[in-house]
Structure formats: structure tokens, C-alpha cells
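Asker: what's the 3D shape of this:
(2 chains)
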Amino acid sequence: MARSISCPNCGSVFELVNPGVVMLVCDHCSTRLYVSDEAAQAIGEQSILPEDDSRLHLGASGRVLKHSFMAVGHVRYKYDEGFWDEWYLELNNGKYVWLMEDERDLSLEIATDKDDIPEPDKLVASLPAVKVKGVAYLAQFTGEAVCEGAAGQLPFVVEPGHKYKWADLATLDGKRIGTIERPQGQDGRLFLGLPLDHSKLKVDEASDFEKARSRSQAKEVECPYCGAPLSLPKDREVKTIVCDYCGTQAELSGAQAKVMGINPEKFDPGFCLEIGQAGVVDNVRWEVSGRLLLANTNVGHERMQRRYLLYNPKKEPRWLVQDDRHFYLVAATEKQPVLDPLLLEKPRTPVQIGMDEVYRFAEAGESKVCWVDGAFPWKVAVGKTFVWANLVAPPKVFLVESDGPSLRCYKGEYVYTHQVEDSFELKNPLEEPDDVHPAQAFDSGPVAKGLAWVGAIFTLINLVLWTVAWTDDGQLLWHKRLSPMEYADDDIQSPPLTVSLPGALSLRLSAALHYDDNLEVLMGVLDKDGKIVMQDYMNLSGRKEPSLMDSMMERHGPSKRHLLPRLAPGTYRILLRVNNTEARFVTIEARQGVWYGDYFLFVAALAAFFPLMLLLQWGWFDLQRWRGTAVGTYGAKDERMVKIIEQVHSASKPKDESENTHDHGGQMQ
Amino acid sequence: MKKLYPLILSLFLALGLGIMTVLALEAALAGWGLKAHVYSPPPDSGRPQMKDFGR
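Answerer: Numbers count the residues shown, from 1 in each chain, chains lettered A, B, ... in the order given. Next up, the predicted model:
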């Protein structure tokens, strides 16, 4: 049932549908009202929120996850690296949800009742924080925020300037997230929900009046160091902007711009993409919004890394990372590693990410910001340091970064230089890498791949043919068991045998022989005219004991197969002369259509050369991938490095120390 | 045209290996390399002589 509340300051009347609303900010005079027992009490100073680039505004309507909504409340919290917004949405099913918006990351959360909500500052990143309905939520970031302002209707009392401890939570797979907020002197609040893609949030077109109001409030800012005008992009939220004239990194999250750091003088950071340069990646148009030059130190070895912040108004920002001559493209992810990769040392160590992915640890180290330019939606300045670890499942890469209590994760893929050239339509070709990046997938090229496939298929065909040749015994022509009486005195002649099948002729001879006894057999093949067309000799030696196989096959004594070349189709006889009187019996077996399959092995070996070469190449490539990571010498050594870092050390301190912020949370995001 | 190179090379290799496989099949069925030996022990060895064989 709706309640009517009137503002004690200006008398405006509000209809409250949501029985949970405890606080509202008067639309007309911006007085914060505390709603109690059907009456409203003014509770302090005005609460005014500055505009930003959010797609939402108070009173905005649209659809989120199949429900239509209206934004009825808005709170903004300011923290070290900027601020986040919480929008209180009324859904068409009468329910209320919170839409959290932090650096363009959206999430949809609902307040969840739970006893013993932990203190945010006692949580440890990547360790379980709370368990709700059997699902463990791990702490991601913790910190302290100040409420900057509130507007509209809210289910709890919010006081601008009030301090809050907070923690961001996520499940291991990153599919569910949560937030703990603990206002000073009050109980903690737990919100649980899901990360939300921008495409799932549809906001109705704002009215012309609202657009005009938004435009009119665009800020004019001057560089706090040299006084030059700073050109702020109007379509996005910016917290760090770098002065084009003096290279000062100005912090814009407060009311006034502050100096955070200054770029080294007379120094070319060597970026390959310009600020504002646009490119198309995965059918999305991105614009280079900011650039960073980092000095990466890994096991004492230093190398340069350049990062390009890619901006698209409807997407979460991405980083194009240029690691030496290699590139990879990453975006922030809620997924977390099961074990802290920053503690790992041994390359190739498998690390589970979320529930379903396994990456291998490649390298870890420390980074120092050496150069910044452009605009960033968070605070970043020269001289800031953080630690990082790289995990790979080529071509995928998982980046973990930390500057203390919080752990930030990024997920992406290796990108080839030609892809960067094509995406950003670069006129000058980029330097091709001369080594293997840990995240680089083995790509042999289409020629080697094609040849390997053909080779593998023919290897298989020939091995199958070889097996058939080995197992196909052909067709039985003649089988005869001869007693000593039969073979001792005269030659033995077979009945006429019709040879019709293609293939060799096989003669198998077996005899029951005593140990050390010998059997010699002369054999000949006669055509139908009685002429010998083929003749040969076989020899059998006696064995001491029949083998197990002989016993099982009921064979007695030695046995030998002899192959003769193919005969033209026709009728033949086989002639035998046995030179032995000791054997108890001699068995002869003639078969036709027998395959002499050794040739298939030769072809199979030849065909296998191509896939084997590819396999060798892959093995070599994989060795190269890990070679540099193990000793930290991956990437070409940059001789200018030491000088640059020295320059950064001296230049990153602005002249007026009092203007400098004491911010230690300068994440690279 | 450059995109066709892998296809053309693969086809050439397939043709080459195909011919070799057919040849190996022919060799297997014809028993190439197999020989019927003529047995000829020394005349005074007492062993059966080939000239006597097949009378």
C-alpha cells in the first residue's frame, strides 16, 4: 500500500510504494528525509550528487534481465581509486534490486539477511568470506569508502561524508558476486547477486531535458601543475587525465584536480598506438583512451611493457598489453585462481581458475609505472608499483595483479602483431617477435598443418594395410601331413591346384623334429605341362621343447612360412623332396593370395615424417615458451631500462609535495 | 592465391603418397622382392642335387 510523505522543508508530497524505504532525498530541495511512522523528518544537510557518465539517472526506466525497472534511488561512494554508484531499482514484479556500477562494471544485487557478517577489513583476498546457502564467496577487494551523496528513495539511512568499510566478493567461478558494506558504528549489510553485462541492461532514451542538463554540467578543468586547459572526454568518466603540455597526471575524482605524478622529460615511451586511435577488435570499435609504460621486473630481469586502455561506451574497458614485441588483449574478470599465483615460483605449475579452467603459471614480478598519458577512469600515476603474475593456457592468458590487500584478475588472449596492425590499420609494420611468448599458441601455419594432416592420414592408411597384410593368411590351396613312409622314398606331388587370387604364394612347413635334428626340403612349382616354374629350398631346425604357443596351437616342432612371388592364374602342382628320416611327420600347407606387406611400412614411415616434424616443431616451440620464464630472461633486454627507471624515480615527484595525493591504491586496473 | 598454397601443397603430397600407397599395394600383392632360390649344394656333399629334382 502506498504511503504519502511530505517534505518538512519545502512541502513537496511523495508517494512511497516500497514499504522498505527508510530514506529519501527531496526532488525539489534535495533535503535528506528520514521516513519514520508515516512522517518525514529532515536529517541534515543537502545531498547533491554530481553528474557522471552513467547510463542511468534517477527516474530512468528500462529493462534488466527480462524485467522492466525504474531507478528510484541512487547512492555514490567514493574510495581510493574513484567512486562507485548504487542504483536502487524498482522492478515491475514489485521487487527491489540494487544495480552496482563501478568503473563501468555492472552487477545486480539484492540485500541478503545474514547473521555474523564479517568485518570487511579483516578479510583476506582470495580466501572465503561468507557462505550463503552452501555457496562460498571469496573476498576480492577490501577498502574504505566515503558516501559522497544520495538521491531518491532508499531502504536505509545514508549520510554524506559517512565512512564505510567495504569488501567485494565473488565465487570461485566468478558467476556470483557480492558486496559487504559496513557503515561506521552500524551493522554490516550483505548484498549478493550476479555480474551484469551491459547488453542485459536496456535504458530507455533519456528526455531532451535530461540530456541538456547532463551536457550543461560538463566540467572545465585546468592542469594543476602548468595551468593548461585539460581536454576531458565528454562521453566517459575520467579520474586521471594527463596534461598534453607538461605530462602531469591530474586526479579528477575530487572537486579540484590534483597532481599525482609527472612523466619524465625528453623521453620517448615508444608507443605504437596514439591516444584516440580507433581500431576494430571482435567487431567492436575501440578507441585508445590511455597508455601506460611499465617497467616489469621478473627475477631481476627488467623489460618494458606498454599498455593501451581501449574504450567503448557500451563495453567494459580492455587492455591491449604490448609485452616486448608481443601483444595480448585482456579484460577484467571476476574469476579467481584457487591458489595465489603471486606466491608461485616454478613455471608450468598448474593453477585452477574458477571451477572449470586450468592455467599454468608462467612468471611473476613487479611493475613500476614509468609513463602515463591519456585519460583513465581510475587513478594512475608515474612511480606507482604493483606485483603481478602471468598464467597461461595458450592462447589464453590470465593476469593477476595486486598492490596490497586486493587482487585483480584479467583474462584475455594472445594477439598476433598482424592482428594489431589490421585492427588499428597501422601504416608502419610492427616489429615481429623473435621469441616465444608464454601465452603464444603454437601456430605452425597452414602449409605445415595441411601436410601434417595428409601425412597422418596416409600413415594410418598404410599401417592399416600393413596390419591386414600381416593377418591375412590368404586362401588355403593344399594341406598335407606326411608320414616318414610317405616322404622318405620319393618326391611328393600335390594334386592340381588352381591359383586365381592376386598375391604371393605361401608355403608353411612344420615338422615333428628331435632336438638338434634338421630337415631339408626342396620344393618346386610345376605348371600344367609339368615344367618347373619356380623352385626353392627350406630348412627347419629342431627345438628342445615345444613352446607354449606350439602346444596351444597343437603344433609339434618347428614351423616356418616361406613366400614365393605371385604366379599367373592357372593350374599348378607343388613338388616336394624331404631329406630327413627322423621326423615323425612333416606338414605342408600352401596358400594363395598372401600379402607381402613390408612395403606399407616404408610408405607409412615416409608419410609419418610430416606429422612428426610438426610434433617436433611443437615440442621445440613449447620449450621456447618456458625457457625465458624459468630464468626470467624472457624478452629482449632493454638497455635504456636502468636510465628510464632512474629518470622515473626523480621525475615522478611533483615540485609541490603538498599537492600530491597519498594514494597507495593505484591499480593498473 | 597465397591462401591456396597450403591446399595445393597438401594435394601434391596426397597425390605422391597416394601413388606410393598404390605401388605398395601392388608390390604386396605381387610379392615384389620375393625370389625363388635355386638350390645347388656342392656335388660331393651327399645332399640332393637340383638337377635330380622334379624328375
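Asker: quick one, helices of chain B?
Answerer: All helices of chain B, identified by DSSP state H, fall at B:5-30.
Asker: where does it dip in pLDDT?
Answerer: B:1, B:39-43, B:45-55 (pLDDT under 70).
Asker: beta-bridge partners for A:His74, please?
Answerer: Following DSSP bridges, A:His74 is listed with bridge partners A:Trp87, A:Ala151.
Asker: which residues sit in contact with it?
Answerer: Contact partners of A:His74, counting by CB atoms under 8 Å, 6 or more residues apart in numbering or on different chains, are A:49, A:56, A:58, A:85-88, A:150-152. Backbone N, C-alpha and C define where each C-beta goes, glycine included.
Asker: of all pairs in those residues, which one is the farthest apart?
Answerer: Greatest spatial distance among the contacts of A:His74 (CB to CB): A:Leu56 and A:Ala150, at 14.4 Å.
Asker: what's A:Gly188 in contact with, if anything?
Answerer: A:117-120, A:180-182.
Asker: repeat the analysis, applying 10 Å as the threshold.
Answerer: By CB atoms under 10 Å, 6 or more residues apart in numbering or on different chains, the contact set of A:Gly188 is A:114, A:116-120, A:130, A:164-167, A:180-182.
Asker: ok, now A:Leu108?
Answerer: Per CB under 10 Å, 6+ apart, neighbours of A:Leu108: A:64-65, A:67, A:69, A:87, A:89, A:97-100, A:177, A:191, A:193-196, A:200-201.
Asker: okay, and which of the residues you listed map to strands?
Answerer: A:64, A:67, A:69, A:87, A:89, A:97-100, A:177, A:191, A:193-196, A:201 (DSSP state E).
Asker: buried ones among those residues?
Answerer: Neighbour counting with 16 or more other CB atoms under 10 Å in any protein chain shown marks A:64, A:69, A:87, A:89, A:97-100, A:177, A:191, A:193-196, A:201 as buried within the ones in strands among the contacts of A:Leu108.
Asker: from those, which is closest to chain B?
Answerer: A:Pro195 (39.9 Å; CB to the nearest CB).
Asker: give me the nearest residue to the closest one, chain neighbours excluded.
Answerer: Distances taken as CB to CB, 6 or more residues apart in numbering or on different chains place A:Ser107 nearest to A:Pro195, at 5.1 Å, with adjacent residues excluded.
Asker: swap in A:Thr142?
Answerer: Nearest one to A:Thr142, counting by CB to CB, 6+ apart, is A:Ala167 at 4.4 Å.
Asker: just the element for that neighbour, please.
Answerer: strand A:163-170 (DSSP states H and E).
Asker: and what of A:Gln617?
Answerer: Using DSSP H and E, the element containing A:Gln617 is helix A:598-631.
Asker: so for that helix, what gets flagged as buried?
Answerer: In helix A:598-631, the ones that count as buried by 16+ other CB under 10 Å are A:599-600, A:603-604, A:606-608, A:610-611, A:614, A:621, A:624-626, A:628-629.
Asker: can you tell me which of those are up against chain B?
Answerer: Taking CB under 10 Å from any CB of the partner chain as the test, chain B is in contact with A:599-600, A:603-604, A:606-607, A:610 out of the buried residues of helix A:598-631.
Asker: looking at the residues you listed, which is nearest chain B?
Answerer: A:Tyr599 (3.8 Å).
Asker: now the element after the helix or strand of chain A with the lowest mean pLDDT, going C-ward?
Answerer: Least confident helix or strand of chain A, by mean pLDDT, DSSP states H and E, is helix A:208-216 with a mean of 48. Using DSSP H and E, the next helix or strand after helix A:208-216 towards the C-terminus is strand A:221-222.
Asker: rewinding a little: the residue nearest to A:Thr142 contacts A:Pro128, doesn't it?
Answerer: No - using CB atoms under 10 Å, A:Ala167 makes no contact with A:Pro128, being 11.9 Å away.
Asker: more crowded one of the two?
Answerer: Set side by side, A:Ala167 and A:Pro128 show more neighbours around A:Ala167, with 29 against 15, by other CB atoms under 10 Å in any protein chain shown.
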